[in-house]
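In: next one to model:
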Amino acid sequence: MFLLHFGFGVGSFIVPQIANPFLAIPKPTPVAELSNITTLDPISTTAAPVTEYLRESRIEWAYLIVALITMGVSIVFYYYQFCGKWSRNTGVHKSKKESDDDTAILKIIDPATCADGKRLFGIQVLGLLFFFFFIATGGERVYGKFIRSFAIDKYNLDGDEASLLNSVFWISYAIGRFSGFVAARWISIRMILIIESTGALVSAILLNIFADDSSTGLWVLTQPMAFFIAPCFPSGVGWADFHIHLSGLGITFLLLGGALGGVCFMWIIGYFYEQYGPLYFLYIIQAYGILLCVLAFILHFSTWGKGHRFKDEMKKEEVVEVNNIQLNFYKKSDQEKEQ
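Out: Take a look at the predicted model:
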């Protein structure tokens, strides 16, 4: 799981550099033309100036290059999918009845299966995690997708510098993912989630204070923001697996929350960005930081004192071990009596 997310971070700062040569380059507007534009009259019927371009967008070529690379890598997955499935099914014979299959399906979709029979606890954890991934993925998408446009529209950075800022964001993002993996070796996953969400909140606050009128502040504070939001997704998966048996269906449920969050957050930022200006990018990031931190603390305290699934498994192993010792003792006693 970590390697998948780390690869996502690495690819995210490479793709903007692939796309940059194919983006449109707006023609600079002369100062004399800008001075003739009247902005005092809100009911002015003067048509808005038409933007001219030194080079038209050819972004479809960038998409084609990335698609071809992705398709080439996917061939490997298709090979193992079909060949591996064929080899697994060659010596397998069906021996279960349909009723057993129906029971297995019900067990898969039942939250009690993930929570060792505790249905309410399973519903609670999965429900909270759904909203956590909704917020975490949505805010991550907003920052990664709109940081370039915000830098151009707010600070008039050129396309190359804005693309570099976007790439630097993804570099810090990849470092954050790797650091989260290393930190999990010594720090509890419960504390890691608190540290990451609190760091994202503090970074969002500092961005709103120092980056609303300073491109330098944006450059500097983008790095801790990327560093802290990067491991939130894999840490959420680790937190879930720490408390419940995270089955394939459970992971699908969490990914669904993340997908919906990405769609909703992108729709929200698109609307406010278009209607009220680029500064709302920072306001939405601030709201994202608050919601992420609040949900992380709710996850932390809602499961306080309830242990974790590994504790229950250790108890079961201890019981099995004690039973085996007792069984061996009785067998030895019976053998001694017979002798």
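In: buried set for the helix or strand harbouring Val263?
Out: Assigned by DSSP states H and E, Val263 belongs to helix 248-276. By neighbour count on 16 or more other Cβ atoms under 10 Å, the buried set for helix 248-276 is 249-250, 253-254, 257-258, 261-262, 265, 269, 272-273. Just so you know, the C-beta spots here come from the backbone N, C-alpha and C atoms, and that holds for glycine as well.
In: got a markdown table for the residues you listed, with pLDDT and distance to Gly176 too?
Out: Putting those into a markdown table (pLDDT from 0 to 100; distance: Cβ to Cβ, whole Å) gives the following:
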| residue | pLDDT | distance to Gly176 |
| --- | --- | --- |
| Leu249 | 74 | 29 |
| Gly250 | 78 | 25 |
| Phe253 | 84 | 25 |
| Leu254 | 87 | 20 |
| Gly257 | 91 | 21 |
| Gly258 | 91 | 17 |
| Gly261 | 93 | 19 |
| Gly262 | 91 | 19 |
| Phe265 | 95 | 19 |
| Ile269 | 94 | 21 |
| Phe272 | 94 | 26 |
| Tyr273 | 92 | 25 |
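In: show me where this structure has its strands.
Out: 25-26, 53-55 (DSSP state E).
In: how much space separates Glu60 from Gly159?
Out: Distance of Glu60 to Gly159, given as Cβ to Cβ, to the nearest Å: 17 Å.
In: on that earlier part again, could you single out the nearest of the buried residues of helix 248-276 to Asp153?
Out: Checking the buried residues of helix 248-276 against Asp153 by Cβ to Cβ gives Tyr273 as the nearest, at 8.4 Å.
In: with neighbour numbers in mind, choose between Glu60 and Gly159.
Out: Neighbours per residue, other Cβ atoms under 10 Å: of Glu60 and Gly159, the larger number sits with Gly159, 17 against 9.
In: so where's the stretch 1-150 of the chain uncertain?
Out: 1-13, 15-17, 19-20, 24-56, 59, 77-78, 80-118 (pLDDT under 70).
In: cutoff 80 now
Out: For the stretch 1-150 of the chain, the stretches flagged by pLDDT under 80 are 1-119, 121-122.
In: so which elements touch the lengthiest helix in the chain?
Out: The helix that spans the most residues within the chain, counting by DSSP state H, is helix 119-155. Using 3 or more Cβ pairs under 8 Å, 6 or more residues apart in numbering; DSSP states H and E, the elements in contact with helix 119-155 are helix 111-114, helix 159-183, helix 215-229, helix 232-243, helix 248-276, helix 280-302.
In: among these, which comes closest to Gln124?
Out: Using Cβ to Cβ, those put helix 280-302 closest to Gln124, at 6.6 Å.
In: buried residues, that closest one. List them.
Out: Neighbour-count burial for helix 280-302 [16+ other Cβ under 10 Å]: 280-282, 284-285, 288-293, 295-296, 299.
In: will you turn the residues you listed into TSV that also has distance to Val125 and pLDDT?
Out: Formatted as TSV, those follow (distance: Cβ to Cβ, whole Å; pLDDT from 0 to 100):
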residue	distance to Val125	pLDDT
Tyr280	33	93
Phe281	32	95
Leu282	32	95
Ile284	28	96
Ile285	27	96
Tyr288	22	96
Gly289	23	96
Ile290	22	96
Leu291	18	96
Leu292	17	96
Cys293	19	95
Leu295	12	94
Ala296	14	94
Leu299	8	91
